[in-house]
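Asks: Structure, please.
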Amino acid sequence: METINNKTVNKVTRPVKVIQFGEGNFLRGFVDYMLDIANEKDCFNGDIVLVKPIEYGSLDGFHQQNYLYTVSLRGLVDGAAQVSNRIVTSIADALDPYVEYTRYAELAKLTTLRFVVSNTTEAGIVYDETDRFDLCPPMTYPGKLTKFLYERYLHFNGDFSKGLIILPVELIDDNGIHLKENVLKLTKLWGLEEGFTIWLSGACVFCSTLVDRIVTGYPKEEAEELWKDYGYTDHLIVTGEPFALWVIESEREIEEELPLRKAGLPVIFTDNQKPYKQRKVRILNGAHTSFVLASYLAGNDFVLESMQDELINHFMTKTIYDEIIPTLKLPKEDLISFAEAVKIRFQNPYIKHALLSISLNSVSKWKARCMPSLIEYMEKFSAVPKYLAFSVAALMEFYKGTELVEGALIGHRGEITYKIMDDKEVLEFFVENSDREIPQFVVNFLSNKSFWDQDLTELSGLADAVTEYLMDIRSLGMREALKKLD
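Replies: Sure, this is the predicted structure:
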């Protein structure tokens, strides 16, 4: 069977408009996929050049396939399982700046270039004062970007019309703001002239973004069967879910140049992406964190299995609609629509999402994802939200253990043992407190300011509610305790 190549599809050559730092699954199944659709609908007319952001790894697979690959989106659409396959043709080239620096640097001189996209992991947007301008390329992603922009600034003599729009999708808050801060710090460290600093702020736009799509990557176990369906081999297949959302925060109007909504794509342009971030964290991530530990102790092992469990599904639904949505500020119809999409995503039959993998670092996750909803609910209604409070009791029961083995706390579900992974301080707390009387255990946990940055026992009625729920879990078992909630 022939490998996918230019003969497989009629690939159109377009001007290079995007340089992309990162060649991983997420970018290819999200950004590059969207730009390919925009090209097809005659909205964008631009190609992408991939740049390998780290020294290690190879781009041979991209060269061998003429930068073509298949995106397979699989999930529930209108209540039915659906698979949608697309050959992405939006990538024109892939470069390794560590061995092709001259060719890479020439990209800075392209008059057609307009966008920089990146996904260099959360650790990629960092300031490193040991990075050097004379390196080709500099070590860090901010260093590479600073030098690239400076070479463009010099080539075009500071022409403001040749600035670039920077679109980081790394999963950190205010990613665009932090990237710009790092670029400006390096500009100062390297002694680059003031004119460049003025050009950075006046000609370039650093956007903070929020992205949402589960991209499951290369389907190793299914690849050969998929090749038979496709009629070609493809070692760069990207699988993911149908749902997608890209929120782009910009201080200037950029939608005309990036007309993704015109192409029918799920993109929101805004001057404030924080409400959308809050919606995602509170509803999507908060739902996960609130039900997974109770679900595991109730006998389930996967998210899909949990959603097929009427008791857990009901718990999650009541948590979202009765306790989380009332605390959020976006229009109610938007919140309900997003919540319905979340429930559908959790029922995706193509994604086998293990509850134990989600349980990692649950204490800090509960603080970030669930605690704000609980506190705001209590402030708004002067009452304890019972489902969110129950999730605290479920967390405490899940983390109950006194044995540390190779950095993991050992928990028990009947005869089954499981590993609890979290910060050392968290695990040591449970070793020391799990055998205490329940009321004291609860008070010690809720009052631990190193976990919550505040004393949660000061929230009227919360400690009593968590104590009652934990007693029910211990005496009745998880499933009966959940039934008693209603």
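Asks: Quickly list the domain ranges of the protein.
Replies: Structural domains assigned to the chain are 16-271, 275-485, following automatic domain parsing.
Asks: As CSV, those with mean pLDDT, distance to residue 10 and mean neighbour count would be great.
Replies: To be clear about C-beta, it is placed using only N, CA and C from the backbone, and glycine gets the same treatment. Shown next, in CSV, are these (pLDDT from 0 to 100; distance: least, C-beta to C-beta, whole Å; neighbours: other C-beta atoms under 10 Å):
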stretch, mean pLDDT, distance to residue 10, mean neighbour count
domain 16-271, 97, 9, 18
domain 275-485, 97, 29, 18
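Asks: In a markdown table: these, plus distance to residue 5.
Replies: Formatted as a markdown table, the entries for the domains of the chain read as follows, by distance: least, C-beta to C-beta, whole Å:
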| stretch | distance to residue 5 |
| --- | --- |
| domain 16-271 | 5 |
| domain 275-485 | 27 |
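Asks: nearest spatial neighbour of residue 436, skipping sequence neighbours?
Replies: residue 444 (6.9 Å; C-beta to C-beta, 6 or more residues apart in numbering).
Asks: and the one you found, what helix or strand is that in?
Replies: For residue 444, the element it lies in under DSSP states H and E is helix 438-446.
Asks: got the CA positions of that helix in PDB?
Replies: The C-alpha trace of helix 438-446 is given here as PDB (Å, rounded to 0.1, in the frame of the first residue of the first chain):
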ATOM      1  CA  ILE A 438     -14.200  11.700  61.000                       C
ATOM      2  CA  PRO A 439     -15.100  15.100  62.500                       C
ATOM      3  CA  GLN A 440     -11.500  15.800  63.400                       C
ATOM      4  CA  PHE A 441     -10.300  14.400  60.000                       C
ATOM      5  CA  VAL A 442     -12.600  16.800  58.200                       C
ATOM      6  CA  VAL A 443     -11.700  19.800  60.300                       C
ATOM      7  CA  ASN A 444      -8.000  19.100  59.800                       C
ATOM      8  CA  PHE A 445      -8.400  18.800  56.000                       C
ATOM      9  CA  LEU A 446     -10.700  21.800  55.500                       C
END
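Asks: other SSEs contacting it?
Replies: Helix 438-446 sits against helix 386-398, helix 424-433, helix 462-476, with contacts defined as 3 or more C-beta pairs under 8 Å, 6 or more residues apart in numbering; DSSP states H and E.
Asks: Compare those and give me the one nearest residue 137.
Replies: Relative to residue 137, the nearest member of the helices and strands packed on helix 438-446 by C-beta to C-beta is helix 424-433, separated by 36.9 Å.
Asks: which outside residues touch that closest one?
Replies: Outside helix 424-433, the residues within contact range by C-beta atoms under 8 Å, 6 or more residues apart in numbering are 363-364, 399-404, 407-409, 420, 440-441, 444-445, 448, 450-451.
Asks: do that again at 7 Å, thanks
Replies: Helix 424-433 is touched from outside by 363, 399-402, 404, 409, 420, 441, 444-445, 448, 450, with contacts defined as C-beta atoms under 7 Å, 6 or more residues apart in numbering.
Asks: Please apply the same query to stretch 344-361.
Replies: With C-beta under 7 Å, 6+ apart as the test, stretch 344-361 has contacts from 74-76, 81, 214, 216, 241, 243, 288, 292-293, 295-296, 300-304, 307, 398, 418, 421-422.
Asks: I'd say residue 249 and residue 271 touch.
Replies: Yes: with contact defined as C-beta atoms under 7 Å, residue 249 reaches residue 271; the gap is 6.5 Å.
Asks: how close does the nearest residue to residue 371 once chain neighbours are set aside get to residue 430?
Replies: With C-beta to C-beta, 6+ apart as the criterion, residue 371 has its nearest non-adjacent residue at 6.7 Å, and that residue is residue 452. With the distance defined as C-beta to C-beta, to the nearest Å, residue 452 ends up 15 Å from residue 430.
Asks: Repeat that for residue 191.
Replies: Look at residue 191 and residue 430: by C-beta to C-beta, they are 51 Å apart.
Asks: Could you do residue 236 as well?
Replies: Plainly put, residue 236 is 43 Å away from residue 430 if you go by C-beta to C-beta.
Asks: Which stretches in the stretch 151-300 of the chain count as helices?
Replies: Counting by DSSP state H, counting those that start in this stretch, one finds helices in the stretch 151-300 of the chain at the ranges 175-189, 194-203, 223-230, 274-279, 286-297.
Asks: before we move on, what about the stretch 301-450 of the chain?
Replies: With helices called from DSSP H, counting those that start in this stretch, the stretch 301-450 of the chain shows them at 303-307, 310-318, 332-346, 355-358, 362-369, 371-381, 386-398, 424-433, 438-446, 449-452.
Asks: With the stretch 1-150 of the chain instead?
Replies: For the stretch 1-150 of the chain, applying DSSP H, counting those that start in this stretch gives helices covering 25-29, 31-40, 60-64, 101-106, 141-155.
Asks: Select, out of those, the one closest to residue 13.
Replies: Checking the helices of the stretch 1-150 of the chain against residue 13 by C-beta to C-beta gives helix 31-40 as the closest, at 11.2 Å.
Asks: Keeping just the C-alphas, turn that closest one into PDB.
Replies: Provided in PDB are the C-alpha atoms of helix 31-40 (Å, rounded to 0.1, in the frame of the first residue of the first chain):
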ATOM      1  CA  VAL A  31      -5.000  24.700  14.500                       C
ATOM      2  CA  ASP A  32      -3.700  23.100  11.200                       C
ATOM      3  CA  TYR A  33      -7.000  21.300  10.800                       C
ATOM      4  CA  MET A  34      -9.000  24.500  11.100                       C
ATOM      5  CA  LEU A  35      -6.700  26.400   8.700                       C
ATOM      6  CA  ASP A  36      -7.100  23.600   6.200                       C
ATOM      7  CA  ILE A  37     -10.900  24.000   6.300                       C
ATOM      8  CA  ALA A  38     -10.600  27.800   6.000                       C
ATOM      9  CA  ASN A  39      -8.400  27.200   2.900                       C
ATOM     10  CA  GLU A  40     -10.900  24.900   1.400                       C
END
